[in-house]
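**Q** sequence plus predicted model, see below.
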Amino acid sequence: MSENPGSAERILVILPTYNEAENVLGLSGLVLDQDTRIEVLVVDDDSPDGTGDLVAGAQATDPRIHLIRRTGKLGLGTAYLAGFRFGLDQGFDFIFTMDCDFSHNPRYLPALIELLGRRDMVIGSRYVPGGGIENWPWPRRMLSKFANFYARTLLRVDVRDCTAGYRGHRRELLEAVDPFQIRSSGYSFLEEMAWKVSRLGYSIGEIPIVFEQRNAGISKIDSSEIYLAAWYVLLTALRRGKLPQSGRSASNDHDPNP
C-alpha cells in the first residue's frame, strides 16, 4: 500500500454498479489497498443481485467505503455525475472513475494518481504505446478502435482513448468544466467530457493500461448504446463552436511508464 505523508490529497474512486455482486467487494478491497488516501464510492442502480446490500454490509465496518443507492437502472453517465457531486460535496481533491468488473486493474491507480498531480485529467489508455486489450474478439476490437477514431476526428481532441472510463479528475477541473451540464449519457458521456475538458484548454494525460476481460458476470453494453453514443458524438461536433476556447494552454501527453 502506498503512503504519501507529504501529500494530503483525498482521493475518491467511483464504481458504478449494476449486478456486480460477484466483483464489487473484491475490487473495492484491491482499490483501497493501492493508497491509504483512497476511499471508494459505489453508485448502485438498484441491482437485483444484491450488490447494494453487500456494499452496505462492508460500509458498516469500513469508513472508507461509501454507497449511493438509486432506484432503477439510470445509466453510466448519471452514475458518474452522482459520484462527482458526492466527491465535490465531501471535499475530495482527486476523483476517479473505473469499471467494477476488473477490466480496469487497480494496480494502475498509483501511476494515475501521480500523473494527476501534474495534469487536470488523466486517462488509463488502451491506445497509447504500451497499452492494449486482452481476450477481446476481433469484431469488438475493431468497433472500439473505430469508435475512438470517429470521436477523435469529429471532436478534434488529442486523446487516444476517448471512450475509456478509467479516469481521474482534479476537483478544480470538475468545478470549472461543470460536467453537470453534459447532455450525453452512457459511454458518450465520456467522449463529451473529453471534448469539453480539451476545448476549455485543460491538460489531459494518458498512461498505458491493459484492458482485461471482465472477471465475472455479464457485460451491460448493448447495440442501442453504441448507436446512441455515435449520435451524441455527432451532435457534440455540430455544436463545437458554441463552447468558447479557454485562455489556458492545454498540454496533453502520454506517459509510457505506468
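**A** On my side now, so go ahead. Numbering: from 1, shown residues only.
**Q** any weak-confidence spans in the protein?
**A** By pLDDT under 70, the low-scoring segments of the chain are 1-7, 183-186, 214-258.
**Q** recalculate using a threshold of 50.
**A** The model of the chain has pLDDT under 50 over residues 5-6, 243-244, 246-247, 249-250.
**Q** can you name every helix or strand that the helix or strand where residue 169 lies contacts?
**A** Using DSSP states H and E, residue 169 sits within strand 167-170. On a contact count with 3 or more CB pairs under 8 Å, 6 or more residues apart in numbering; DSSP states H and E, strand 167-170 meets strand 94-97, helix 109-116, strand 121-125. Heads up, the C-betas are built off the backbone N, CA and C, glycines and all.
**Q** check which residues of that strand are buried.
**A** Neighbour-count burial for strand 167-170 flags 167-170 (criterion: 16 or more other CB atoms under 10 Å).
**Q** with stretch 17-36 instead?
**A** Those would be 17-25, 27-28, 31-32, 34-35, for stretch 17-36 by 16+ other CB under 10 Å.
**Q** go on, stretch 52-65?
**A** 52, 54-55, 58-59, 64-65.
**Q** run through who's touching that stretch.
**A** Defining contact as CB atoms under 8 Å, 6 or more residues apart in numbering, one finds that stretch 52-65 is touched by 17, 21, 24-25, 28, 32, 38-40, 42, 44, 46, 66-67, 69.
**Q** what about the residue nearest to residue 136 when sequence neighbours are not counted, how many residues close to it?
**A** With CB to CB, 6 or more residues apart in numbering as the criterion, residue 136 has its nearest non-adjacent residue at 6.9 Å, and that residue is residue 213. Using other CB atoms under 10 Å, the number of residues around residue 213 comes to 12.
**Q** how much space separates residue 213 from residue 116?
**A** Counting by CB to CB, to the nearest Å, the separation of residue 213 from residue 116 is 27 Å.
**Q** next: residue 83.
**A** 16 Å.
**Q** quick revisit: if I've got this straight, the residue nearest to residue 136 is in a strand?
**A** No - under the criterion used here (DSSP: H, G, I helix; E, B strand; the rest coil), residue 213 is coil, not part of a strand.
**Q** gap between it and residue 161?
**A** 17 Å.
**Q** quick revisit: now for the buried residues of strand 167-170: which two are most distant?
**A** Spatial extent of those (CB to CB) is set by the pair 167 and 170 at 11.3 Å.
**Q** what residues are shared contacts of those two?
**A** With CB under 8 Å, 6+ apart as the test, residue 167 and residue 170 both reach residue 121.
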